[in-house]
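**Student:** Sequence and computational prediction follow.
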Amino acid sequence: YAVQIFHDAVKTGKFECNLKPDTRLPMMYIDDCLRATLEVMEAPAETLSMRTYNINAMSFTPEELANEVQKQLPDLQVSYEIDSVRQAIADSWPMNFDDSNARNDWGWKHDYDLPELVQTMLNFIGSDTRIAQ
């Protein structure tokens with residue numbers, strides 16, 4: 001849902017979410033993920049206390065995401081049609097990841113928070129839509 005809302009918001013102005021509005025899941029913008037991968041690979045070996053790290057950026061719910069998108073696109077209509085299979089998968093995931101080791105060992109810090117993510121995605125999807133037209 002977290003990517004589809006942007007496409008639907010720009011294309012149709014309507015989004016139907018398959019998860020409950022209060023389902024919290026960990027999320028990360030791809031640029032942060034790629035940068036974290038490079039940073040841990042380039043970190044001096046003596047600073048690393050483990051071989052595998054959790055990294056975390058943000059956790060949000062569909063409702064929180066929709067509210068943030070509606071700050072930019074106030075006419076966006078959001079509805080919820082809960083899919084029991086998708087909801088069960090989402091309910092089995094952690095709400096966030098403890099990335100304190102990455103932050104301590106090699107200085108991991110995400111750049112994108114929810115408002116920045118929304119602005120970036122709407123700019124990207126919006127420019128793609130304008131090019132297609």
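**Tutor:** Looks like it came in fine.

**Student:** Look at Glu46 and say how many residues are nearby.
**Tutor:** 6 (other Cβ atoms under 10 Å). The way it works is simple: take the backbone N, C-alpha and C, and place the C-beta from them, glycine included.

**Student:** Oops, could you answer that again for Ile30 instead?
**Tutor:** 8.

**Student:** Over to Phe15?
**Tutor:** 22.

**Student:** Identify the residues contacting the closest residue to it other than its chain neighbours.
**Tutor:** Counting by Cβ to Cβ, 6 or more residues apart in numbering, Phe15 lies nearest to Asp8, which is 4.3 Å off, once chain neighbours are set aside. Contacts here follow Cβ atoms under 8 Å, 6 or more residues apart in numbering; on that basis Asp8 touches Lys14, Phe15, Glu16.

**Student:** Am I right that the second one falls within a strand?
**Tutor:** Yes: assignment of Phe15 by DSSP: H, G, I helix; E, B strand; the rest coil places it within a strand.

**Student:** Going along the chain, name the strands of the chain.
**Tutor:** Using DSSP state E, the strands of the chain run over 14-17, 25-27, 58-60, 77-80.

**Student:** could I get those as JSON lines with mean pLDDT and distance to Val3?
**Tutor:** Converted to JSON lines, the strands of the chain look like this (pLDDT from 0 to 100; distance: least, Cβ to Cβ, whole Å):
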{"stretch": "strand 14-17", "mean pLDDT": "97", "distance to Val3": "11"}
{"stretch": "strand 25-27", "mean pLDDT": "94", "distance to Val3": "10"}
{"stretch": "strand 58-60", "mean pLDDT": "94", "distance to Val3": "13"}
{"stretch": "strand 77-80", "mean pLDDT": "97", "distance to Val3": "15"}
